[in-house]
Structure formats: C-alpha cells, structure tokens
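Peer 1: Test case, fold it:
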Amino acid sequence: DCNSNGILDNCDIAGGAEDNNSNGIPDECEETLFIRGDVNGDSGIDISDAITVLGYLFTGGSIDCEKAADSNDDGAVNVADGIQILGYLFSGTGDPPAPFPECGGDPTTDSLGCDVYGGCL
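Peer 2: Numbering: from 1, shown residues only. The predicted model follows:
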C-alpha cells in the first residue's frame with residue numbers, strides 16, 4: 001500500500017489507478033523521471049527550454065516539471081535556471097547536474113514537483 005490509502009497496490013490498479021509502465025506500482029507512488037534542463041519535455045535541451053523558463057517566470061507561462069526547470073539544481077526555479085541553460089548551450093559552462101543527460105530521479109531533496117514529464121517515455 002504505497003500511498004497509505006488502505007488498499008493494496010494491485011487492487012488500486014485493478015480499480016483504475018494508473019500504472020503506465022506496468023510494474024505493479026501505482027504511478028502516484030513513483031518518482032517522475034526527468035532530464036534536468038529539458039523544461040519542455042522533448043528529450044533534449046535547446047533554446048526553447050530557456051525560453052520556457054523565462055516565459056514561466058515573466059509572462060505567466062506554465063511548466064509541468066519544476067525539477068526539470070531547476071537546471072542548476074538549487075531548489076528553485078528562477079532566472080539563474082534560464083541563464084544556466086543558455087550557458088550550457090552557448091558558453092560551455094558545463095552540463096546541468098544529474099539527472100543529465102539521461103532520464104533519472106532527482107538525487108537532491110527540495111520542494112519542487114514534477115507531475116508530468118514526457119521526455120522519458
């Protein structure tokens with residue numbers, strides 16, 4: 001009972017809980033895998049990821065995975081993340097922290113969420 005709802009996981013799944021990877025664990029109980037810096041979830045880092053971060057911060061845009069947007073892994077989504085992506089792309093400032101370049105879980109603890117990320121399907 002991974003979500004502590006009093007129902008066995010396999011019964012949750014039989015009752016309609018999502019298990020997209022068919023591993024017998026309800027998706028709500030699993031960490032969402034992501035690639036740090038891939039803000040738009042297209043499995044790569046490019047200028048659109050920096051634009052997406054800045055749009056989120058300044059024009060009310062939305063992002064589905066704050067953890068991916070936290071490209072410098074400081075526990076916050078802010079201008080420094082857009083700058084980090086641009087530095088990685090154009091100035092050789094180094095790779096984003098893990099998980100990068102492959103999908104993975106967040107090795108650091110913070111309050112950022114990641115409800116949906118399409119780049120690791």
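
Peer 1: What's the first helix or strand after the worst-scoring helix or strand of the chain on mean pLDDT?
Peer 2: Least confident helix or strand of the chain, by mean pLDDT, DSSP states H and E, is helix 9-14 with a mean of 78. If you walk from helix 9-14 toward the C-terminus, the next helix or strand you reach (DSSP states H and E) is helix 47-58.

Peer 1: What are the buried residues along the least confident helix or strand of the chain?
Peer 2: Of all the residues in helix 9-14, those buried under the rule 16 or more other C-beta atoms under 10 Å are 9, 12-13. All C-beta atoms are positioned from the backbone trio N, CA, C, and that covers glycine.

Peer 1: The closest residue to residue 46 other than its chain neighbours: what secondary structure?
Peer 2: Closest residue to residue 46 apart from its sequence neighbours, by C-beta to C-beta, 6 or more residues apart in numbering: residue 89 at 6.9 Å. Local secondary structure at residue 89 is given as helix here, using DSSP: H, G, I helix; E, B strand; the rest coil.

Peer 1: Report pLDDT for residue 89.
Peer 2: Here, the pLDDT recorded for residue 89 equals 98.

Peer 1: With residue 18 instead?
Peer 2: Each residue has a pLDDT score; the one for residue 18 is 74.

Peer 1: is it true that it touches residue 30?
Peer 2: No: under the criterion of C-beta atoms under 8 Å, residue 18 makes no contact with residue 30, lying 10.1 Å away.
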